[in-house]
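Novice: return a 3D structure for these sequence lines:
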Amino acid sequence: MTHQYQCPAAESRTCFKYLGAIIADEGSKPEILARIAQATAALAKLKTIWNDRNIALSSKIRLMRSLVMSIFLYACESWTLTADTERRIQAMEMRCLRKLLGITYRDHISNEEVRNRTRQAIGPHEDLLTTVKRRKLKWYGYITRSSGLAKTILQGTVQGGQRRSRQKKRWEDNIPE
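Specialist: Numbers count the residues shown, from 1 in each chain. Next comes the predicted model:
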């Protein structure tokens with residue numbers, strides 16, 4: 001069921017929430033920001049687990065990936081990634097890892113050191129931004145091999161002129177990147 005949803009990013013624009021995802025005329029940024037907020041709230045609710053010294057770091061990371069990152073990654077296949085949203089996704093992942101490791105920004109430990117400590121705990125793993133991009137490519141491949149309405153919509157064009165300004169980044173612009 002759809003209902004009118006007021007975007008937090010811009011009050012003058014309209015958007016709506018459908019099946020838990022925010023559909024906005026300004027792109028994917030409101031959806032990504034909402035997902036970051038929901039994942040951060042889930043991370044905060046599990047504070048007792050993150051602070052418990054009896055739970056191994058590898059278990060904490062597995063819990064974070066299943067309980068927090070799954071909330072964030074919902075419907076990520078439809079996002080249009082810009083440089084700003086990519087930075088926000090990486091910052092959210094680092095915030096989660098620092099919370100698990102008990103590292104504050106006042107400790108002056110670099111992001112690379114945080115990644116190294118995580119690698120030592122669970123071995124090589126895929127970072128969050130790579131996961132989003134991989135899921136987008138997987139969905140694109142699925143759609144291009146099918147012969148349904150989604151393929152027609154993805155490959156279709158809209159008649160009419162284009163307004164004068166810089167072209168907005170489209171979902172399919174991320175595929176060649």
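Novice: now the strands: where do they sit in the protein?
Specialist: 3-6, 14-18, 21-24 (DSSP state E).
Novice: where do the helices sit along this protein?
Specialist: Listed in chain order, the helices of the chain (DSSP state H) span 29-45, 47-51, 57-67, 69-72, 83-101, 111-122, 128-145, 149-155.
Novice: now render those as TSV, adding distance to I22.
Specialist: Every C-beta, even on glycine, is put in place using the N, C-alpha and C of the backbone. TSV is the format used below for these (distance: least, Cβ to Cβ, whole Å):
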stretch	distance to I22
helix 29-45	4
helix 47-51	27
helix 57-67	22
helix 69-72	14
helix 83-101	13
helix 111-122	29
helix 128-145	16
helix 149-155	19
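Novice: export those to a markdown table and tack on distance to Y18, mean neighbour count and mean pLDDT?
Specialist: Below are these laid out as a markdown table (distance: least, Cβ to Cβ, whole Å; neighbours: other Cβ atoms under 10 Å; pLDDT from 0 to 100):
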| stretch | distance to Y18 | mean neighbour count | mean pLDDT |
| --- | --- | --- | --- |
| helix 29-45 | 11 | 18 | 92 |
| helix 47-51 | 32 | 12 | 91 |
| helix 57-67 | 24 | 16 | 90 |
| helix 69-72 | 17 | 18 | 93 |
| helix 83-101 | 20 | 17 | 93 |
| helix 111-122 | 35 | 14 | 90 |
| helix 128-145 | 17 | 15 | 91 |
| helix 149-155 | 15 | 11 | 76 |
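Novice: which one of the ones you listed lies closest to F16?
Specialist: helix 29-45 (10.8 Å; Cβ to Cβ).
Novice: show me what that closest one is packed up against.
Specialist: strand 21-24, helix 69-72, helix 83-101 (3 or more Cβ pairs under 8 Å, 6 or more residues apart in numbering; DSSP states H and E).
Novice: compare those and give me the one nearest K138.
Specialist: Here helix 69-72 is closest among the helices and strands packed on helix 29-45 (Cβ to Cβ), at 16.2 Å.
Novice: got a pLDDT number for the closest residue to D173 other than its chain neighbours?
Specialist: Excluding the flanking residues, the one nearest D173 by Cβ to Cβ, 6 or more residues apart in numbering is T80, at 7.3 Å. Looking at T80, its pLDDT stands at 88.
Novice: alright, I will stop here.
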